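Visitor: Generate a structure from the sequence data that follows.
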Amino acid sequence: MNAVMELQDISFSWNGGENLHHVTFSVRQGSFTGMIGPNGAGKTTLLRVALGRLQPHPHGWVKIFGKPLGEFKEWWRIGYVPQTAIAFDKIFPATVEEVVGMGRCGRLGLFGRLGPADRRAIRSALTATNMLGVAKRRIGALSTGEQQRVMIARALASEPELLILDEPIVGVDISARREFYAMLKRLNDHGLTILLASHDIDEVARLTDELIYINDRTVKYLGPTKRFFASRKMAAVAREFHHRR
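Guide: Numbers count the residues shown, from 1 in each chain. Take a look at the predicted model:
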């Protein structure tokens with residue numbers, strides 16, 4: 001299958017320090033790819049470079065859906081949920097449905113008005129995340145886990161082909177995590193390509209079919225998840241960082 005995202009020889013330096021060193025990997029269409037590594041390994045920086053929020057320096061290039069990053073304009077094809085997605089005040093003046101509707105902006109433009117197709121996409125995203133029943137509630141009245149589901153729904157509302165999540169379970173309780181991961185698995189089973197950066201080693205091992213292991217600012221492993229965890233040495237290294245995080 002085709003690669004939906006390719007990064008080649010990416011390095012990134014900031015304030016005299018090197019955050020990424022010659023990173024190369026790709027994300028295959030239809031895959032559920034996990035990204036693991038210790039704190040400070042460069043996972044978040046790498047995702048920001050991949051999405052054009054940071055520029056590779058001094059070298060490297062990114063392609064998204066076969067196009068160089070600078071030429072790619074169809075950002076609605078990518079849903080992104082960053083680490084800091086959960087931060088709604090209890091009196092935040094927006095309903096769940098309105099927040100999810102913001103995900104249509106990439107298709108509509110800043111001043112576009114929602115039409116029937118947009119409302120169907122919003123409803124579909126709410127249904128996929130099991131949040132349709134609270135669509136009219138204020139976002140700030142929801143639990144942390146529910147708010148995270150809303151942010152996933154907002155990302156899905158654009159009807160993306162690639163969903164990128166950066167540590168999406170921070171602050172989410174254990175029971176909500178199980179439901180959250182089950183939801184991601186359903187989405188992937190229905191054809192959505194997912195790139196999940198996470199410290200949750202056990203779930204990454206269980207859910208993903210491909211794995212990127214980052215340490216010392218570069219990729220140490222890229223390949224099938226099962227092969228990585230079947231290697232006692234590599235699995236032990238990953239679990240060591242899992243317990244030290």
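Visitor: ok, how many other residues are close to the closest residue to Asp118 other than its chain neighbours?
Guide: Sequence neighbours aside, Arg104 is the residue nearest to Asp118 in space, at 4.8 Å (criterion: Cβ to Cβ, 6 or more residues apart in numbering). (Glycine included, C-beta is placed from N, CA and C.) Here the number of neighbours of Arg104 (other Cβ atoms under 10 Å) works out to 23.
Visitor: Can you name the residues that contact Arg104?
Guide: 112, 114, 118, 121-122, 157-158 (Cβ atoms under 8 Å, 6 or more residues apart in numbering).
Visitor: Quick check: longest helix in this protein by residues?
Guide: Longest helix of the chain, by residue count under DSSP state H: helix 174-189.
Visitor: Can you list the buried residues in it?
Guide: 176-177, 180-181, 183-185, 187-188 (16 or more other Cβ atoms under 10 Å).
Visitor: Ile214 and Gly37 touch, don't they?
Guide: Yes. Taking Cβ atoms under 8 Å as the definition, Ile214 is a contact partner of Gly37 at 3.7 Å.
Visitor: shared neighbours, the two?
Guide: Joint contacts of Ile214 and Gly37 (Cβ under 8 Å, 6+ apart) are Lys43.
Visitor: what are the ranges of the helices in the protein?
Guide: 43-50, 96-101, 105-108, 116-128, 144-156, 174-189, 201-207, 225-230, 232-244.
Visitor: can you tell me which of those helices comes nearest to Ile164?
Guide: Distance to Ile164, taken as Cβ to Cβ, is lowest for helix 43-50 among these, at 6.2 Å.
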